[in-house]
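Trainee: prediction below, plus the sequence it came from.
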Amino acid sequence: MRSPPTPTPTRTRAHTHTHTHTHTQKILNKSTFKLHERCSNNQAEQVAILRALEQIQNLQLAEDTEKIAVVNTDSKVTLDALQNRNKHYTLVESIRKN
């Protein structure tokens, strides 16, 4: 199994962005992560999904506020990997756990 790419302060070509919105589309969090230049587009998509899920989990909302999340992606590769339980890529497994 490959190690997941980690954000790095070095100069890279691959970037991923996440935004966390409320139901009224107010942006609660906006993040940009620099990934290693050898990170594939699919890995960047998976890191973005994973970071978005982590940000949603860490939202500090009133106790009576229900958390409903919608994560949008156009990554067919990632969606297919998530649905195929025979795929055990490190990032895909991390997304499943979240």
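Mentor: Arrived safely.

Trainee: if I look at whatever residue is furthest in space from the centre of the chain, how far off is residue 57?
Mentor: The outermost residue of the chain relative to its centre, with distances by CA atoms, centre = their mean, is residue 64 at 25.7 Å. For residue 64, the distance to residue 57 equals 18 Å [CB to CB, to the nearest Å]. (Glycine included, C-beta is placed from N, CA and C.)

Trainee: again, but for residue 90
Mentor: The value you get for residue 90 to residue 57, if CB to CB is used, is 19 Å.

Trainee: quick one, which of those two is more surrounded?
Mentor: Taking other CB atoms under 10 Å, residue 90 and residue 57 do not tie; residue 90 has more neighbours (14 against 10).

Trainee: max-length helix in this protein?
Mentor: In the chain, with assignment by DSSP state H, the single longest helix is helix 41-57.

Trainee: in the next helix-or-strand element following it, what counts as buried?
Mentor: Counting by DSSP states H and E, the next helix or strand C-terminal to helix 41-57 is helix 76-83. Within helix 76-83, the residues scored as buried using 16 or more other CB atoms under 10 Å are 77, 78, 81, 82.

Trainee: what does stretch 51-62 give?
Mentor: Of all the residues in stretch 51-62, those buried under the rule 16+ other CB under 10 Å are 51, 52, 53, 55, 56.

Trainee: CA-only coordinates of it in PDB, if you can.
Mentor: Provided in PDB are the C-alpha atoms of stretch 51-62 (Å, rounded to 0.1, in the frame of the first residue of the first chain):
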ATOM      1  CA  ARG A  51      -9.700  16.900   4.000                       C
ATOM      2  CA  ALA A  52     -13.200  18.100   3.400                       C
ATOM      3  CA  LEU A  53     -14.600  15.200   5.500                       C
ATOM      4  CA  GLU A  54     -12.100  16.000   8.300                       C
ATOM      5  CA  GLN A  55     -13.100  19.700   8.200                       C
ATOM      6  CA  ILE A  56     -16.800  18.700   8.500                       C
ATOM      7  CA  GLN A  57     -16.100  16.500  11.500                       C
ATOM      8  CA  ASN A  58     -14.200  19.300  13.200                       C
ATOM      9  CA  LEU A  59     -16.900  22.000  12.700                       C
ATOM     10  CA  GLN A  60     -17.900  23.500  16.000                       C
ATOM     11  CA  LEU A  61     -21.700  23.800  15.800                       C
ATOM     12  CA  ALA A  62     -24.300  24.100  18.400                       C
END
